[in-house]
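could you look at this predicted model? Sequence included:
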Amino acid sequence: MQRADGMNYAPTGKPDPVCEKGELRFAAIGLDHGHIYGMCNGLLEAGAELVSVYDPDPEKVAAFCNTYEQVKIASSEADILHDDSIKLIASASIPSERGPLGIRAMDAGKDYFADKPAFTRLNQLEQARLKTTETGHKFFVYYAERLHVESAIFAGQLIEQDAIGRVIQVSGLGPHRINIESRPDWFFHKDKYGGILCDIGSHQIEQFLFFSSAKDAKVLHSKVANYFHKEYSELEDFGDATLVADNGATHYFRVDWFTPDGLSVWGDGRTLILGTEGYIELRKYCDIARDAESDHVYLVNHQEEQHFQVKGQVGFPFFGQLIRDCLDRTETAMPQEHTFKAAELCIKAQEQAIRIE
């Protein structure tokens, strides 16, 4: 697993199959972002069968097949969409193309699993909302900074156990290393990646809704900037936002492309969750200058203060739940409206943002 480069960060866990071999066959379409490897890893570990791949770039396909030797190369997207044995499509295509692909997948009778951001415009989101209602198919989104991070999963379990009372505020920091020389062309075009709040800000907003048990929220204030990378006029290297939820919980988050080279991982992602009876801090990817291992959880409440290092201890239940939802037509991995609401709010934060010049 690449820990220095967030674009190619693909967590692995312990195999924990929830279905029989061949019971859920899936394919990958669109290999533009390295998150496709994390998505496929999670599904494979939970028992799904990866059967085919399509991308117009043969180099990306060759690299993918080198990792997943069992996969067959499809000659076109249509070959996969017309294969009735394939029940789920996973995609990490260019962000602006993910929503439209999801529509085509659902029209072809398949569930769909997109990397974040799944949409770059509100009209794409509304089309997906209508299509899930029309077809009954599912549109999952890979909000990896909660779903594929054991410390975040453990924090959710602590909150469910009432360890800190009612959650009233969530603060999130999502710095990333830019590795600018290795970025594809679409990374620098806002109509392709959607803007920094739409892109990596989506992780933060989804976590806020989940940890605070909110159904909706309002973006109070947001701003973006290009402080340092002036040669790329459409790039945003900084963004932040403040939200308030329908249940009164508040949220502040900051995302940026300023991880310094001296840090051992791609970003010092942190989340601070304040409750009425205590608080939780997540140091997701390292504990700087002290412990290079990931998944540190700090808990303080009226009884005690504790530190948990949960790497390899919690697992990634989302993927098994996703598979069972596809097979059983249930909704346990993530409510569909929660998936869409996080996407909606990150786009609204982006659209409302003040640009700092």
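Here it is on my side, so go on.

list the contacts of stretch 162-170.
158-159, 207-208, 211-213, 248-252, 271-280, 299, 301 (C-beta atoms under 8 Å, 6 or more residues apart in numbering). (C-beta placed from N, C-alpha, C; glycine too.)

repeat the analysis, applying 7 Å as the threshold.
Contacts to stretch 162-170, defined as C-beta atoms under 7 Å, 6 or more residues apart in numbering, come from residues 159, 207-208, 211-212, 249-251, 271, 273-280, 299, 301.

what's the first-to-last distance across stretch 271-288?
Using C-alpha to C-alpha, to the nearest Å, one end of stretch 271-288 lies 15 Å from the other.

quick one, longest helix in this protein?
Secondary structure of the chain per DSSP state H: the longest helix is helix 336-352.

average model confidence for that one?
For helix 336-352, mean pLDDT is 98.

and the next helix or strand past that helix?
Per DSSP states H and E, the first helix or strand lying C-terminal to helix 336-352 is strand 354-356.

parallel or antiparallel, list what pairs with that following strand.
Strand pairing for strand 354-356, determined by DSSP bridges: strand 217-225 (parallel).

in the partner strand, what counts as buried?
Under the neighbour-count criterion of 16 or more other C-beta atoms under 10 Å, strand 217-225 has 217, 219, 222, 223, 224, 225 buried.

roughly how far apart are the most centrally placed residue in the chain and residue 163?
When the chain is reduced to its mean C-alpha position, the closest residue under C-alpha atoms, centre = their mean turns out to be residue 143, at 1.9 Å. Distance, residue 143 to residue 163, by C-beta to C-beta, to the nearest Å: 22 Å.

circling back: how about the residue nearest to the centre of the chain: what's its closest non-neighbour residue?
Counting by C-beta to C-beta, 6 or more residues apart in numbering, the nearest residue to residue 143 once its immediate chain neighbours are dropped is residue 206, at 4.3 Å.

check which helix or strand covers that neighbour.
Taking DSSP H and E as the definition, one finds residue 206 inside helix 201-212.

that older thread, not counting the longest helix of the chain itself, show me its contacts.
By C-beta under 7 Å, 6+ apart, the surrounding residues in contact with helix 336-352 are 117-119, 121-122, 125, 129, 132, 138-141, 143, 194-195, 197-198, 201-202, 205-206, 209, 216-217, 219, 222, 241, 243.

ok so, going back, isn't the residue nearest to the centre of the chain right next to residue 205, touching?
No - Residue 143 lies out of contact with residue 205 (C-beta atoms under 7 Å); the separation is 9.0 Å.

got phi/psi on the closest residue to residue 15 other than its chain neighbours?
In space, residue 15 comes closest to residue 45 once its chain neighbours are excluded; the distance is 5.0 Å by C-beta to C-beta, 6+ apart. Backbone torsions for residue 45, taken as degrees, to the nearest 10, come to phi -60, psi -30.
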